[in-house]
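Undergrad: Sequence plus predicted model, see below.
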Amino acid sequence: MIGKTTYVVLVLAVALLAMANVSAMKLISPTNLHTTSVAYNKVDLSWTYPGGQYSFAVYRAEGNGSFVLLANTYSKTYSDTTVKPSTAYYYKVRAIKQKQVSPFSNVLQVNVPSAPVST
């Protein structure tokens, strides 16, 4: 009977240790944040992140301002349609899985061009 009890405790201890290791795994930063298109009224962003079901938080700062959360997405791309012409923006992204958040990606500077002049 003692051998059985010890065996059950050992299996439970191994299972708890495995769960602890999974929850202790750190998320890595998204990489290669870049633009795929920039216009006076839209900035298209893209980044790289290895597989899995993650959401991403996209942050933006205007000029020398503070970063604010712009959007959450499950895609590795985002289109910012709230930009203003002739404005400098800075973007960064982080991965989110359950209650874990990754460090931020690289910071990307984007200079939005002026609006076209109608003649």
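TA: Done, it's in. Residues are numbered from 1 along each chain as shown.
Undergrad: what stretches of this protein score poorly on pLDDT?
TA: Screening the chain residue by residue with the criterion pLDDT under 70, one finds the ranges 1-24.
Undergrad: the helices in it, which residues?
TA: 2-24 (DSSP state H).
Undergrad: Point me to the residue sitting closest to the centre of it.
TA: The chain has residue 94 as the residue nearest its centroid, 2.6 Å off, counting by CA atoms, centre = their mean.
Undergrad: Mind listing what's buried along stretch 95-106?
TA: Residues of stretch 95-106 classed as buried by neighbour count (16 or more other CB atoms under 10 Å): 95, 102, 104, 105. Quick note: C-beta positions are derived from backbone N, CA and C, even for glycine.
Undergrad: From those residues, pick the one nearest residue 37.
TA: Sorting the buried residues of stretch 95-106 by how near they are to residue 37, with CB to CB, puts residue 105 at the top with 18.5 Å.
Undergrad: hang on, the earlier thing: in strands, which of the buried residues of stretch 95-106 fall?
TA: residue 95 (DSSP state E).
Undergrad: Can you pick out the most distant pair from the buried residues of stretch 95-106?
TA: Greatest spacing in these, by CB to CB: 95 and 104 (9.7 Å).
Undergrad: list residues touching both of these two?
TA: Where contact means CB atoms under 8 Å, 6 or more residues apart in numbering, the residues bridging residue 95 and residue 104 through contact with each are residue 29.
Undergrad: and the buried residues of stretch 95-106 as TSV, adding distance to residue 29?
TA: As requested, the buried residues of stretch 95-106 are exported to TSV (distance: CB to CB, whole Å):
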residue	distance to residue 29
95	8
102	5
104	6
105	5
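Undergrad: tell me the strands in the protein, going along the chain?
TA: Taking DSSP E as the test, the strands found in the chain are 31-39, 42-48, 55-62, 68-73, 77-80, 88-97, 100-101, 108-111.
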